[in-house]
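Trainee: Need coordinates for the following:
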Amino acid sequence: MFRTHTCGELRISDVNKQVTLSGWIQRSRKMGGMTFVDLRDRYGITQLVFNEEVNAELCERANKLGREFVIQVTGIVNERFSKNSNIPTGDIEIIVSELNVLNTALTPPFTIEDNTDGGDDIRMKYRYLDLRRSTVRSNLELRHKMTIEVRKYLDSMGFIEVETPVLIGSTPEGARDFVVPSRMNPGQFYALPQSPQTLKQLLMVSGFDRYFQIAKCFRDEDLRADRQPEFTQIDCEMSFVEQEDIITTFEGMAKHLFKTLRGIELAEPFQRISWADAMKYYGSDKPDLRFGMRFVELMDIMKGHGFSVFDNAAYIGGICAEGAATYTRKQLDALTDFVKRPQIGAKGMVYARVESDGTVKSSVDKFYTQEVLQQMKEAFGAKPGDLILILSGDDVMKTRKQLNELRLEVGNQLGLRDKNKFACLWVVDFPMFEWSEEEGRLMAMHHPFTHPKEEDIPLLDTNPAAVRADAYDMVINGVEVGGGSIRIHDANLQAKMFEILGFTPEKAQAQFGFLMNAFKYGAPPHGGLAYGLDRWVSLFAGLDSIRDCIAFPKNNSGRDVMLDAPSEIDPSQLEELNLVVDLKEEK
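Mentor: Numbering: from 1, shown residues only. Sure thing, here's the model as predicted:
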């Protein structure tokens, strides 16, 4: 038997028991004739004691142990004289009588501790060592608990878990596909699923009225903190439902996860906001509502007073930061530089302080009377000590997005984005389409199978850009954790949608004929939602990136530096696949 107990379970009640433990050496230290070793496994750390006076030979062997050696020890549980309140086993130690080295280890390239000295690149290369750190391991344990709770909740609601294929046909609407060559079908390719969207709709046609799957999805797109080339969705679909049924079901699941995993009881219904209002008041379709600073439009107040930047603007709007009038000129200049960064693109920023006597001091004082500045103050409901920040521009939507970046930055600086505070909401009534400059046509904002709102269907013939969708996103703390829609179940309406999106009947049939044909055999009204499992876990764990809640993630270049993938393949494999690699030289 390698162990009778784990390194995290022994307590003061176990004193005088003989136990056997196995694990990795976290650290060791010699103090006089005593050697202390911290032994670690997945469950915790236990202190081992070797006494030179009791067994000199055993103590000598212990002095030769290195970090990350794998050992087995037997000994007696003893009450510690100097207790450690930082670990659950801190009241006890093991007086070791037997030591068995199960495996030696090279010195690790970074310290296997919560506060490691390893940078991202080295930790990703040796990810199997990084996973030994309790901070990383706890993220995977949280992920495990979350999947268990998701399955329990959905099972209790009558959902059935169904696996769908990983090798499917390519549907290049949306992100780029990862493609897989077929040896048995020369010159033809599978694609890895961006989501199981069409397959779960086929399950609805099949009569499986409540489906879910914890599904791997693949998208060949540029990476960022909340994006990986492969990620995991909690994918769900329901038949004979309307939008309200889906929102109620999955708001219930969210509340279940908050209660069971974070101990937070969310009694009130989640706030709902239309996409149009989200963009108008927050400049984002995933607004962070942990704090205020709702946008106020100032066109009527600030235009026409001789300040050409405002007079020529298509949009003037601002935010009010409570109590931030103490910002120095240096801090305000830094904020101006922030909004002028190329990735944000604003041309400048105007600020105004509300003084203790209620007067307003602004960076554009010479263009505005105190009377006009007071009107501006009233528009914000600003009080003495508040700071008003204003942006303007000739593109309404672009300027709102810039103001959103400013709002989030000020929220960060003022400590208003507490990771232990949660603001949950639904964003609803998304536009059905968005214009693509690159494609020169309307594109589906979600996907081509999203159902338009019933009252907007007549607009498909006259003004498709104004059509709203039966679509909804769940947003928590400015993160889109899930989204979905009611689906089109009528073959004629689906054909109309493809026509608006620029598909010829032949192209629509080639790409989606299997789904359109299935609809002809009695498709029920249906809709669904997909949650991002990685985003949920990172949100609950307080992480800035989903990478740390994935066991073996890719880096920002989409590479697995541990496995050195992607990589070239043997010429014989290329020959088998009837492939020739022709790398174009960059000009």
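
Trainee: Can you check my assumption that S392 lies in a strand?
Mentor: Yes: with DSSP: H, G, I helix; E, B strand; the rest coil as the criterion, S392 is assigned to a strand.

Trainee: so who does it touch?
Mentor: S392 makes contact with 309-310, 313, 315-317, 350, 399, according to C-beta atoms under 8 Å, 6 or more residues apart in numbering. C-beta: built from backbone N, CA, C; applies to glycine.

Trainee: do you know how far the nearest residue to R3 once chain neighbours are set aside is from D38?
Mentor: If the residues on either side of it in the chain are set aside, R3 comes closest to S22, at 4.5 Å by C-beta to C-beta, 6 or more residues apart in numbering. Applying C-beta to C-beta, to the nearest Å, the value for S22 to D38 is 14 Å.

Trainee: For the helix or strand harbouring H256, give me every contacting residue.
Mentor: Following DSSP states H and E, one finds H256 within helix 243-257. Residues from elsewhere that reach helix 243-257 (C-beta under 8 Å, 6+ apart): 146, 149-150, 153-154, 157, 236, 238, 266, 269-270, 424, 426, 428, 470, 472, 474, 476, 481-482, 484, 486, 527-529, 531, 536, 540.

Trainee: Name whatever forms a beta bridge with the residue nearest to R3.
Mentor: Beta bridges link S22 to Q72 when assigned by DSSP bridges.

Trainee: To what extent is it buried, counted in neighbours?
Mentor: Counted with other C-beta atoms under 10 Å, the neighbours of S22 add up to 19.

Trainee: swap in T74?
Mentor: Around T74 there are 16 residues (other C-beta under 10 Å).

Trainee: give the contact list for it.
Mentor: 18-20, 96-98.

Trainee: mind checking pLDDT for P229?
Mentor: At P229, the model reports a pLDDT of 91.

Trainee: Look up how far A491 lies from it.
Mentor: Using C-beta to C-beta, P229 is found at 34 Å from A491.

Trainee: which one of those two has more residues nearby?
Mentor: Neighbours were counted for P229 and for A491 using other C-beta under 10 Å; P229 has more, 20 against 16.

Trainee: Quick check, the more buried one in contact with G558.
Mentor: Yes: with contact defined as C-beta atoms under 8 Å, P229 counts as touching G558 (5.1 Å).

Trainee: Name the residues contacting each of those two.
Mentor: Shared contacts of P229 and G558, defined by C-beta under 8 Å, 6+ apart, comprise L223.

Trainee: for the protein, which helix is longest?
Mentor: When the chain is parsed with DSSP state H, its longest helix is helix 134-156.

Trainee: and the gap between the closest residue to D220 other than its chain neighbours and E251?
Mentor: Nearest residue to D220 in three dimensions, chain neighbours excluded: R176, at 3.9 Å (C-beta to C-beta, 6+ apart). Taking C-beta to C-beta as the measure, R176 falls 33 Å from E251.

Trainee: Which of the two has more residues huddled nearby?
Mentor: Set R176 next to E251 and count neighbours by other C-beta under 10 Å: E251 wins out with 16 against 13.

Trainee: got the contact list for the closest residue to D429 other than its chain neighbours?
Mentor: In this structure, D429 finds its nearest non-sequential neighbour in S274, 4.4 Å apart by C-beta to C-beta, 6+ apart. Applying C-beta under 8 Å, 6+ apart to S274 gives the contacts 427-429.

Trainee: sorry, back to before: G292: which of the contacts of S392 is nearest?
Mentor: Distance ranking of the contacts of S392 against G292, using C-beta to C-beta, places G317 first at 14.7 Å.

Trainee: for the stretch 151-300 of the chain, what are the low-confidence residue spans?
Mentor: 172-174, 225 (pLDDT under 70).

Trainee: what ranges do the helices span in it?
Mentor: 197-205, 243-257, 275-282, 299-302 (DSSP state H, counting those that start in this stretch).

Trainee: And the first one, what does it pack against?
Mentor: With contacts defined as 3 or more C-beta pairs under 8 Å, 6 or more residues apart in numbering; DSSP states H and E, helix 197-205 has these neighbours: strand 210-218, strand 230-239, helix 505-519, strand 526-532.

Trainee: Show me what the residue nearest to D429 bridges to in the sheet.
Mentor: Counting by DSSP bridges, the residues bridging with S274 are V428.

Trainee: cool, and N100?
Mentor: As for beta bridges, N100 partners with Q72 under DSSP bridges.

Trainee: these two touch, right, it and G75?
Mentor: No: N100 is beyond contact range of G75, at 11.9 Å (criterion: C-beta under 8 Å).

Trainee: what about those two, which has more around it?
Mentor: G75 (20 against 12).

Trainee: Quick check: that one touching L99?
Mentor: No: G75 lies out of contact with L99 (C-beta under 8 Å); the separation is 9.1 Å.

Trainee: how about V73, what does it touch?
Mentor: Counting by C-beta under 8 Å, 6+ apart, V73 makes contact with 20-22, 39, 48, 94, 96, 98-100.

Trainee: rerun at 10 Å
Mentor: When contacts are counted by C-beta atoms under 10 Å, 6 or more residues apart in numbering, V73 touches 3, 19-23, 37, 39, 46, 48, 50, 58, 62, 94-100.

Trainee: How about L223?
Mentor: Counting by C-beta under 10 Å, 6+ apart, L223 makes contact with 229, 547, 553-558.

Trainee: Can you select the buried ones from those residues in PyMOL?
Mentor: Command for PyMOL that selects the buried part of those, burial taken from 16 or more other C-beta atoms under 10 Å:
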select buried, resi 229+547+553+554+555
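
Trainee: pLDDT of stretch 377-389, averaged?
Mentor: On average, stretch 377-389 scores 96.

Trainee: So which bits of that stretch are buried?
Mentor: 377, 379-380, 382, 386-389.

Trainee: Those in helices, which ones?
Mentor: Taking DSSP H as the definition of helices, the buried residues of stretch 377-389 contribute 377, 379-380.

Trainee: what separates the most centrally placed residue in the chain from V360, distance-wise?
Mentor: Compute the mean C-alpha point of the chain, and by C-alpha atoms, centre = their mean the closest residue is R535, 2.8 Å away. Plainly put, R535 is 41 Å away from V360 if you go by C-beta to C-beta.

Trainee: do the same with A215
Mentor: 54 Å.

Trainee: Same check on L131?
Mentor: 55 Å.

Trainee: now do K330
Mentor: 21 Å.

Trainee: Who has more neighbours out of those two?
Mentor: Set K330 next to V360 and count neighbours by other C-beta under 10 Å: V360 wins out with 20 against 7.
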